[in-house]
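S.K.: next input, structure requested:
(one chain, ligands or ions: 1)
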Amino acid sequence: MATFRRFNPDDVHRISKCNLDPLTETYELSFYLQYHAKWPSLFQVCEDANGNIIGYIMGKLESSPEVYKVSEHYLPWHAHITALTVAPEARRLGIGKILTEQLESAADAGNAWFVDLFVRKSNARAIAFYERLGYSVFRVVKDYYGDHATDPFAQSEDAYDMRKPMKRDKKLQHIRENGAIFEVDASDVW
Ligand SMILES: CC(C)(COP(=O)(O)OP(=O)(O)OC[C@H]1O[C@@H](n2cnc3c(N)ncnc32)[C@H](O)[C@@H]1OP(=O)(O)O)[C@@H](O)C(=O)NCCC(=O)NCCS
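M.R.: Numbers count the residues shown, from 1 in each chain. Here you go, the predicted model:
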């Protein structure tokens, strides 16, 4: 049986089932604790009957710094998925979907315009997952990653910046069709 609950600091000792996955980023300890301290409702885990963490989502609520308000790349108040991962043995059971929906509820509660995330262009599985949940590509961030997940000779990989509008965006102002043709530099993303 799987249980969903908020992350607590002890969980960092029990996330290795998820983090051994090559597409899952492992961060400094302080990074997890910062998310826990600042946005506890956007940091949820799924644990199995033995107390292993078999999935988690970590996110934040923010907007671009005020100084960039005149920029075309300015991001209004939104939620961002920083990490989402489900342990390989627990995939296709609906865990990723439940975790994402929990974060979306927190985003709506926080009056966010949309939820966004970055995903490697080669990560077809995650892209299919997000599309199924109603996310679409908003833009391509060139060379966002400093390595390539599938090509050991490539020095970098592009990211899709994907978005899903939240309840606040009644007129769907913050998504667009054909987002894959809009390319930006990594320096335009803040
Ligand atoms: C992407 C990921 C989080 C999906 O988690 P999951 O718990 O397996 O997903 P769910 O079971 O909730 O899937 C929901 C729907 O998404 C789609 N989906 C999920 N995995 C898919 C896959 N491998 N291929 C195609 N569609 C997929 C399906 O439509 C699925 O519904 P269905 O099983 O009824 O067909 C998981 O594969 C993972 O952890 N990947 C490695 C880390 C990663 O890439 N994270 C995202 C980085 S941004």
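S.K.: use CA for all of it now, contacts and neighbours both
M.R.: OK.
S.K.: quick one: is the helix or strand of the chain with the lowest mean pLDDT near the ligand?
M.R.: Using mean pLDDT, DSSP states H and E, helix 16-19 stands out as the lowest-scoring helix or strand of the chain, at a mean of 92. No. Helix 16-19 lies apart from the ligand when judged by CA under 6 Å from any ligand atom; the minimum separation is 7.3 Å.
S.K.: got the CA coordinates for the helix or strand that that helix is followed by in PDB?
M.R.: Per DSSP states H and E, the first helix or strand lying C-terminal to helix 16-19 is helix 29-38. Taking Å, rounded to 0.1, in the frame of the first residue of the first chain, the C-alpha atoms of helix 29-38 are listed here in PDB:
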ATOM      1  CA  LEU A  29      21.000  18.500   1.400                       C
ATOM      2  CA  SER A  30      20.300  22.200   2.000                       C
ATOM      3  CA  PHE A  31      18.400  22.400  -1.200                       C
ATOM      4  CA  TYR A  32      15.700  19.900   0.000                       C
ATOM      5  CA  LEU A  33      15.500  21.600   3.400                       C
ATOM      6  CA  GLN A  34      15.000  25.000   1.800                       C
ATOM      7  CA  TYR A  35      12.000  23.700  -0.200                       C
ATOM      8  CA  HIS A  36      10.600  22.100   2.900                       C
ATOM      9  CA  ALA A  37      11.000  25.300   4.900                       C
ATOM     10  CA  LYS A  38       9.600  27.600   2.300                       C
END
